[in-house]
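Colleague: Just need the structure, nothing else, for what follows:
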Amino acid sequence: MGLSQIKPEFVTVLAEKQVKSGQTVRLECEANTEALITMWEKNNQRLECVEGKHKITQDVKRCTLEIANAQEGDEGNYKLNLRNKAGSASCSAMVTVELNEWRTVEWKQMPMIENLRTFKIGDDKVSELRFLLYGPVGAGKSSVINTIKSIFERRQFINCLAAAESSKSHTIYYEKYSMAQGKFFPFAFNDIMGVEKEKCEGVLTDDIISALKGHVKEDYQFFSTHPLSKDSTYYLTNPSLSDMTHCLVNVIPADKLALIKGDFIGKMKVVRQAASRMGMPQVVFLTRVDRACPMTKANLRDVYKSKKMRNKIHECSNILGVPINCIFPVANYHDETGINEDINCLMLDALTKIVDWANDYVVKCSNKQVHVE
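Modeller: Alright, predicted model coming up:
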C-alpha cells in the first residue's frame with residue numbers, strides 16, 4: 001500500500017520583488033511535501049513560458065521561477081498553485097520593474113542659472129522674453145512664479161499671492177514678474193487670473209488671447225463678467241514685439257487631472273488655437289508632482305523613473321493635445337522654508353528649454369516684421 005499524501009502547504013512563500021530594467025527576477029518558495037503538480041500564473045492567467053525568458057525549476061520541495069532581462073511588460077502579480085490528491089494551496093507576489101530614466105536632468109543648479117543669466121535674445125529690441133501662465137485656480141501658477149523668483153533671488157519669495165485649491169483666484173491684476181538677482185535675467189512671467197471651478201468662471205478667454213497678443217497693459221484688473229474693452233486705458237492698441245507674449249505656459253496640477261475636462265478643455269483649446277495661429281510655442285508645467293506620485297515624493301530625482309509620472313504626462317498630452325516633449329513635471333515650494341536644490345533643478349531644466357523656444361518665436365516674428373517692411 002502507498003503512503004497517504006499530505007495536503008500541500010507553504011513553508012516559505014513568494015516575496016515581492018522590485019528590480020531594475022534588465023535584471024533577472026527570481027521567485028522561489030518551499031512546500032511541505034514532494035510530488036506536487038505546479039502551475040504558475042501571471043495576473044490570473046496561466047503563465048506562457050518563453051524560451052530564454054522564463055525558467056521554471058522544481059527541486060524536491062523548492063519551486064523557482066526565473067525571469068531573465070526584466071522589462072516593463074514583465075510586471076505583474078505572479079502566483080504559484082500547488083496541488084495533489086490531498087488538496088491545493090497557492091501564494092503570490094508582485095513583481096515591479098523600475099524604469100530606466102527616460103529624461104535626464106542636470107541636478108546642479110549653478111550651470112543652468114549661469115546659462116540663463118547670460119542668455120542673449122535674438123532681437124536687440126526685445127529686452128525680456130515674456131511667458132504667460134494660464135490654468136485652473138489652485139494649479140500653482142502663482143507658486144510657479146514664487147519658485148522661479150526664489151531660485152534667482154536665492155531666498156524664499158512669496159510676494160506673488162497663491163490661491164488655495166478650493167478658493168477663488170487671488171490673481172486680480174495683470175502683473176509682470178521680472179527676474180533679477182544683482183544681475184538681470186532676460187525673461188519675465190505674467191500671472192493671469194485662474195479659471196475657477198464653479199461654472200468655469202474666472203479669467204475670460206478673450207482676455208487671455210488679448211494678453212498673448214500684447215494688448216493688455218500692466219495692472220489691468222480682470223473681470224469674469226466682461227473682457228477688456230478696446231476703449232479702455234488698459235488696452236494697448238499697437239503692441240510691439242516686446243509687449244507680446246512669447247510662450248504660453250499651461251499650468252496643470254498632476255494630482256488633479258480630473259479637473260481638466262468639459263468646459264475647461266474647451267476654454268483651453270480656444271486659447272491654444274489662438275496661440276497656434278500666432279505660431280507661438282506652448283508648453284505645460286505639470287505641477288504638484290510630489291503629491292501625485294509616492295516615488296517622486298520620496299525622491300524628486302526619481303521623477304523621470306516613475307511610471308506613474310510618465311502615465312500622467314501621457315494623460316495630460318491626450319487631454320490638452322500638447323506634445324509629450326513640451327510637458328514638464330515641476331515641483332513648487334509649499335512646505336519648505338529654505339532653498340531646495342532638487343526643486344530648483346527640476347524647474348531650471350524646464351526653463352532652459354522654454355527660453356530657447358520663446359527666443360525662436362521672437363526671432364521668427366522679428367524676421368517677419370523685417371520682411372514685411
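Colleague: which residues sit in contact with the residue nearest the centre of the chain?
Modeller: Centre of the chain computed as the mean C-alpha position; nearest residue by CA atoms, centre = their mean is Pro329, 2.9 Å away. By CB atoms under 8 Å, 6 or more residues apart in numbering, the contact set of Pro329 is 254, 286, 289, 296, 303, 309, 312-313, 346. Using the backbone N, CA and C atoms, a C-beta is placed for each residue, glycine as well.
Colleague: can we see that at 7 Å?
Modeller: Under the criterion of CB atoms under 7 Å, 6 or more residues apart in numbering, the contact list for Pro329 reads 254, 286, 289, 303, 309, 313.
Colleague: Okay, and which of the residues you listed map to helices?
Modeller: Among the contacts of Pro329, the members falling in helices (DSSP state H) are 289, 309, 313.
Colleague: Just grab the bridge partners of the residue nearest to the centre of the chain for me.
Modeller: The residues listed as beta-bridge partners of Pro329 by DSSP bridges are Leu286.
Colleague: quick check: longest helix of the chain.
Modeller: Using DSSP H to define each element, the chain has its longest helix at helix 341-372.
Colleague: on that earlier part again, which one of the contacts of Pro329 is nearest Thr245?
Modeller: For the contacts of Pro329, the residue nearest Thr245 by CB to CB is Leu286; the value is 20.1 Å.
Colleague: How about Val289: what's its closest non-neighbour residue?
Modeller: The spatially closest residue to Val289, leaving aside those adjacent along the chain, is Pro329, at 4.4 Å (CB to CB, 6 or more residues apart in numbering).
Colleague: Buried residues in stretch 82-94, which are they?
Modeller: Within stretch 82-94, the residues that qualify as buried by neighbour count (16 or more other CB atoms under 10 Å) are 82, 84, 89, 91-93.
Colleague: let me fix that: stretch 244-258
Modeller: Going by 16+ other CB under 10 Å, stretch 244-258 has these buried residues: 244-257.
Colleague: what would these look like in JSON lines with distance to Ile56, secondary structure and pLDDT?
Modeller: Converted to JSON lines, the buried residues of stretch 244-258 look like this (distance: CB to CB, whole Å; DSSP: H, G, I helix; E, B strand; the rest coil; pLDDT from 0 to 100):
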{"residue": "Met244", "distance to Ile56": "65", "secondary structure": "coil", "pLDDT": "96"}
{"residue": "Thr245", "distance to Ile56": "61", "secondary structure": "coil", "pLDDT": "97"}
{"residue": "His246", "distance to Ile56": "60", "secondary structure": "coil", "pLDDT": "97"}
{"residue": "Cys247", "distance to Ile56": "55", "secondary structure": "strand", "pLDDT": "98"}
{"residue": "Leu248", "distance to Ile56": "55", "secondary structure": "strand", "pLDDT": "97"}
{"residue": "Val249", "distance to Ile56": "52", "secondary structure": "strand", "pLDDT": "97"}
{"residue": "Asn250", "distance to Ile56": "50", "secondary structure": "strand", "pLDDT": "94"}
{"residue": "Val251", "distance to Ile56": "50", "secondary structure": "strand", "pLDDT": "93"}
{"residue": "Ile252", "distance to Ile56": "46", "secondary structure": "strand", "pLDDT": "93"}
{"residue": "Pro253", "distance to Ile56": "45", "secondary structure": "strand", "pLDDT": "93"}
{"residue": "Ala254", "distance to Ile56": "40", "secondary structure": "helix", "pLDDT": "93"}
{"residue": "Asp255", "distance to Ile56": "41", "secondary structure": "helix", "pLDDT": "90"}
{"residue": "Lys256", "distance to Ile56": "45", "secondary structure": "helix", "pLDDT": "87"}
{"residue": "Leu257", "distance to Ile56": "41", "secondary structure": "helix", "pLDDT": "85"}
